[in-house]
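[1] Structure, please.
(2 chains)
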2 protein chains.
Amino acid sequence: MISEIGEAGLLQIVQRYCPSQVVGDDAAVLEAPKGQLVVTTDVLVEGVHFSDLTTPPYAVGWRSVAANLSDLAAMGSRPQALVIGLGLPSSTPIAWVEELYRGMQACSAGWGSPLVGGDLCRSPHRFVAITALGEVPPGRAIQRKFAQPGDWLVVTGPHGDARAGLELLLHPEQGSSATAAEREWLIKAHQYPRPRLDTLPILDGIPDPLRMGGMDTSDGLADALVQLCQASGVTATVDEQRIPISAALRQVFPEQALEWALYGGEDFELLLSLEPGVAQQLLDRLPGSVCIGQVTGWDPEGTVRLRGGGILSRQQAFQHF
Amino acid sequence: MISEIGEAGLLQIVQRYCPSQVVGDDAAVLEAPKGQLVVTTDVLVEGVHFSDLTTPPYAVGWRSVAANLSDLAAMGSRPQALVIGLGLPSSTPIAWVEELYRGMQACSAGWGSPLVGGDLCRSPHRFVAITALGEVPPGRAIQRKFAQPGDWLVVTGPHGDARAGLELLLHPEQGSSATAAEREWLIKAHQYPRPRLDTLPILDGIPDPLRMGGMDTSDGLADALVQLCQASGVTATVDEQRIPISAALRQVFPEQALEWALYGGEDFELLLSLEPGVAQQLLDRLPGSVCIGQVTGWDPEGTVRLRGGGILSRQQAFQHF
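    The predicted model follows:
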């Protein structure tokens, strides 16, 4: 338990996961980003966002970093560094903290964003508060308000898998028809989401000027569609049959697949609103990306229509309170 | 209660405290800092760092921002922006959240560091996780490892008041001899600490080259002295009679004054290790600053001796676990 090694002992352990030149002071000193500075923060709470039942500590670390890097990707920005705030009961096993940091480091290392500092404190419940810093060339930030009539709506990958993975973790008796590989695919989607930073070099390769609308789909694809349209004051039509759904999800949960793709959340893909010519270049170059609809006009309400009928609302989306 | 207005309603409220051009996306876009980027994070947990008994929500907001700005001041850096992660039970009164943000804004506004974003989430208990971004000219960062033999040890102001204020809040029957003004002075020191960013323009006015050792005294002056000496591998002698203690503290708690000045914590002053010539210029220009001792030699153990006898240790300092 961390109460046995105290704060100094715990600090020694977590500092192994940070570059030695930035730790040991009241704050970390970093090189200033080229271009503009992008900053985002995400909080994960035990019992709300993760539990020992569904998420081993390594996966908690991975997911908490992935959620932040996804926010940076959604802004079109490259990660530069991460800082970690951690609340832990004194009874937390030391191994839990080490696994958490191993998971955070594994996810961040792949995208070159070191853990440069943090704060540890005692808390009745475990929580992880991560802030990610990134950089974006001036004028190249992706924003929700930049969607315009005529744009194509592109998603970078399949939706619903993370929700299905959670279902299998919470109710292992579900999906009894699933093969081991299908089960693993869906559970991995929940525990180890990949922030779509791989999209950025492709967008970089498309010549200026770009006006890119977009956000990530962490709170669900339906939520992202409505938020994007509301922020831009546009209306869109989405062909729900074109929403990419994995073979595993279709196979194991055929009844729920579309609902989870729309409302499941935590897939951490990007939803982008791009001029058709730009969208086509992205579709040509990013395997798995799909055009699921089009912005059809201005609309202060931000109405999103489904091709099959009906209007999307945020009501069914994940509510944090 | 925030459960009645939901996440969207809560977001509307807190976004009033942020500049409108930076909110509404997955992350905030800021101008890159001139010089180097400095980043720090601090977590405050209800029941550990604050409670309704000792800290009204406005003061929770003030103190949580002040703690972060103090870390920036301790690095010699100017604040640029703050991001706020917040964990709240659904039963939290809306007024509590508004007061919290009013307090955060009041503290941050004085030093020109806007709240540029954050994350709100449900949690079984309240916590505030703040990350502060700042900037420092290249090579001018204050660091713990920069103390050298011959340096004078300077503190920017009195110590022990915050601990005394906490005592009066927890045990109102204590300090019955205190006047209303003394009581208010000590309680204010606990609830509304001022980060010592006012020290930076004075240090700026002292010509290059500067090698400034230092840190803040948020975990207690004794802790800061030992940490500074350990990080620099030096030994120091401190004259405990010269540690600045307010008239109010001496009057109300004469017995405990020195112990609280050394071990109380949360005074958020700076401890600086400076060449005598530089130290003298600071002492001349910063009212209330005092030289309390001197670095006397190299020592990998970082031993801190008191002039009256005895060796300071971190053992008595605030332990987070």
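[2] what about A:Ala27, how many neighbours?
    With neighbours defined by other C-beta atoms under 10 Å in any protein chain shown, the count for A:Ala27 comes to 34. Heads up, the C-betas are built off the backbone N, CA and C, glycines and all.
[3] Kindly report the same for A:Gly103.
    A:Gly103 - counted by other C-beta under 10 Å - has 24 other residues nearby.
[4] next one: A:Ala178
    Residues near A:Ala178, counting by other C-beta under 10 Å: 18.
[5] Then A:Ala236?
    The number of residues packed around A:Ala236, counting by other C-beta under 10 Å, is 27.
[6] Name the residues of whatever helix or strand it lives in that are buried.
    Following DSSP states H and E, one finds A:Ala236 within strand A:234-238. Of all the residues in strand A:234-238, those buried under the rule 16 or more other C-beta atoms under 10 Å in any protein chain shown are A:234-238.
[7] the domain parsing of chain A - what is it?
    Chain A is divided into the following domains under automatic domain parsing: A:2-136, A:144-306.
[8] In TSV: the buried residues of strand A:234-238, plus distance to A:Val304.
    Supplementary listing: the buried residues of strand A:234-238 in TSV, determined by distance: C-beta to C-beta, whole Å:
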residue	distance to A:Val304
A:Val234	9
A:Thr235	7
A:Ala236	5
A:Thr237	8
A:Val238	6
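[9] what about stretch A:120-133 and chain B, any contact?
    Yes - using C-beta under 8 Å from any C-beta of the partner chain, stretch A:120-133 reaches chain B at A:120-125, A:127, A:129, A:131-133.
[10] Can you check the distance spanned by that stretch, start to finish?
    Start-to-end span of stretch A:120-133 (C-alpha to C-alpha, to the nearest Å) is 19 Å.
[11] what mean pLDDT does it have?
    Averaging the model's pLDDT scores along stretch A:120-133 yields 95.
[12] before we move on, what about stretch A:103-116?
    Here the mean pLDDT over stretch A:103-116 is 91, rounded to a whole number.
[13] Can I get it as CSV, trimmed to CA atoms?
    These are the backbone C-alpha positions of stretch A:103-116, laid out as CSV (Å, rounded to 0.1, in the frame of the first residue of the first chain):
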residue,chain,number,x,y,z
GLY,A,103,-0.2,2.3,-19.2
MET,A,104,0.0,6.1,-19.4
GLN,A,105,3.6,5.9,-20.6
ALA,A,106,2.8,3.2,-23.2
CYS,A,107,0.0,5.3,-24.7
SER,A,108,1.9,8.6,-24.6
ALA,A,109,5.3,7.2,-25.8
GLY,A,110,3.8,6.2,-29.2
TRP,A,111,3.0,9.8,-29.9
GLY,A,112,6.1,11.5,-28.4
SER,A,113,4.3,13.2,-25.6
PRO,A,114,6.3,12.7,-22.3
LEU,A,115,4.7,12.8,-18.8
VAL,A,116,6.4,16.0,-17.5
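[14] from the middle of its chain, how far away would it be?
    Averaged C-alpha coordinates place stretch A:103-116 at 15 Å from its chain's average position (C-alpha atoms, centre = their mean, to the nearest Å).
[15] Let me see the ranges of the helices in chain A.
    Taking DSSP state H to define them, one finds helices in chain A at A:2-15, A:57-74, A:94-109, A:161-170, A:180-191, A:199-204, A:221-232, A:247-252, A:257-263, A:276-285.
[16] a markdown table for those, including distance to B:Val97?
    Listed next are the helices of chain A as a markdown table, based on distance: least, C-beta to C-beta, whole Å:
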| stretch | distance to B:Val97 |
| --- | --- |
| helix A:2-15 | 30 |
| helix A:57-74 | 22 |
| helix A:94-109 | 29 |
| helix A:161-170 | 29 |
| helix A:180-191 | 31 |
| helix A:199-204 | 35 |
| helix A:221-232 | 22 |
| helix A:247-252 | 38 |
| helix A:257-263 | 27 |
| helix A:276-285 | 40 |
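[17] Tell me which of those sits most buried.
    Of all the helices of chain A, helix A:57-74 carries the top mean neighbour count, a mean of 27, counting by mean count of other C-beta atoms under 10 Å in any protein chain shown.
[18] model confidence over it, on average?
    Helix A:57-74 carries an average pLDDT of 95.
[19] can you tell if that helix touches chain B?
    Yes - if you take C-beta under 8 Å from any C-beta as the test, helix A:57-74 does meet chain B, through A:70-72, A:74.
[20] got the angle between that helix and helix A:180-191?
    Compare the direction of helix A:57-74 with that of helix A:180-191 by axes from the mean of the first three to the mean of the last three C-alpha atoms, to 10 degrees and you get 70 degrees.
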